[in-house]
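1. predicted model and sequence follow; I will ask about them next.
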Amino acid sequence: MRLMRFDAGIGQPAGRGKHVITTDVACCSGQAEVSCSHFGSYDRTVYRRVLLPQLFLIVDGEGWVRNEDGMRICLQAGQAVYWETGDWYEAGTDTGMTVFCIQNVRMKPAQLLEELSSHQEGTYHAPAAI
């Protein structure tokens, strides 16, 4: 057994946001990537396009994601978002959150995870310019 760390102390600025720190967690064969991102208070990613199917799992804290329509959806630890290749999104938080991001061309999370119904997610519209 080997104990390892993946906290923000060994991560690098993600280039996705002002202060988001990302630690690569696993190098996998084929087109697969696993990383852990640490968002501080009021951090967010830049608005970006998904290049590989991506599962964004919030493991600590709470935050929001914004889709192409500009709608913000509030999420908390234990909830996740799945984006297909070509989707556009932004993610952020007011209070801080830790997220695992898994990207893989053959990912099908709906086979294993339960989809949130509209009453289980906190949806609100944010101002266009943040």
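-> That came through, no problem.

2. what residue is smack in the middle of the chain?
-> Nearest to the mean C-alpha position of the chain, by C-alpha atoms, centre = their mean, lies Phe56 at 3.6 Å.

3. so that residue sits against Cys101, correct?
-> Yes: between Phe56 and Cys101 a contact is recorded at 5.5 Å, counting by C-beta atoms under 8 Å. In this view, the C-beta of every residue, glycine as well, is placed from N, C-alpha and C.

4. what about the closest residue to the residue nearest to the centre of the chain other than its chain neighbours, neighbour count?
-> Sequence neighbours aside, Val81 is the residue nearest to Phe56 in space, at 4.5 Å (criterion: C-beta to C-beta, 6 or more residues apart in numbering). Per other C-beta atoms under 10 Å, the neighbour tally for Val81 reads 21.

5. likewise for Tyr47?
-> Tyr47: 11 neighbours (other C-beta under 10 Å).

6. likewise Cys101?
-> 20.

7. how about it, what does it touch?
-> 33-37, 54-57 (C-beta atoms under 8 Å, 6 or more residues apart in numbering).

8. for Gln76, same thing?
-> 58, 61-62 are the contacts of Gln76 under C-beta under 8 Å, 6+ apart.

9. ok, now how distant is it from Lys108?
-> Distance of Gln76 to Lys108, computed by C-beta to C-beta, to the nearest Å: 24 Å.
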